[in-house]
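Q: How does the following fold in three dimensions:
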Amino acid sequence: MKDILTYKDEMDVFKKPVLQKKSPAQWVEIITARMAAHAFEFPDTEQFFADIRACVDIGTPQHEAMMIYRNSLVENDWSIHLHWRTSRQPPGKTELGIKLANIMRCMGLVDHTIWVEHNDKNRH
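A: Numbers count the residues shown, from 1 in each chain. Below is the predicted model:
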């Protein structure tokens, strides 16, 4: 019986390896700004972010969506969320994210971060 098991194990070497399809990485680039009170009045802020939304090209294979949020309690806090889906983990901040952060930086304090989707497959 031992010989049969050994032979079977040796035959497994000839099986084709099963290639697992790598799922795309989903990640979010978040640019949050606390606008200075003197930067401009609230209605102008809304127009500023409407202009950003109109200028950013959405729908490319990697860039899935852009969401703009305003803090419900602090009207000078705004956040742009760029949703990405790529074949690998993000190498860092994108050119688009850096440009948006630089535009917002001249009007207030900016925090620019990358967040990667976490699931059980990513656990070590």
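Q: For the residue nearest the centre of the chain, give me its contacts.
A: Note on the chain: the residue nearest the mean C-alpha position is residue 28, at 2.0 Å, using CA atoms, centre = their mean. Shown in contact with residue 28 (CB atoms under 8 Å, 6 or more residues apart in numbering): 81-84, 114-115. (Glycine included, C-beta is placed from N, CA and C.)
Q: just the buried members of those?
A: For the contacts of residue 28, a burial check counting by 16 or more other CB atoms under 10 Å picks out 82, 84, 114.
Q: who does the residue nearest to the centre of the chain bridge with?
A: residue 83, residue 115 (DSSP bridges).
Q: Could you number the chain from 52 rather than 1 from now on?
A: Sounds good: first residue 52 from here, last item residue 79.
Q: that older thread, could you let me know which of the buried ones among the contacts of residue 79 ends up closest to residue 113?
A: residue 135 (5.6 Å; CB to CB).
Q: At which residues are the helices of this structure located?
A: With DSSP state H as the criterion, the chain has helices at 53-62, 93-106, 146-156.
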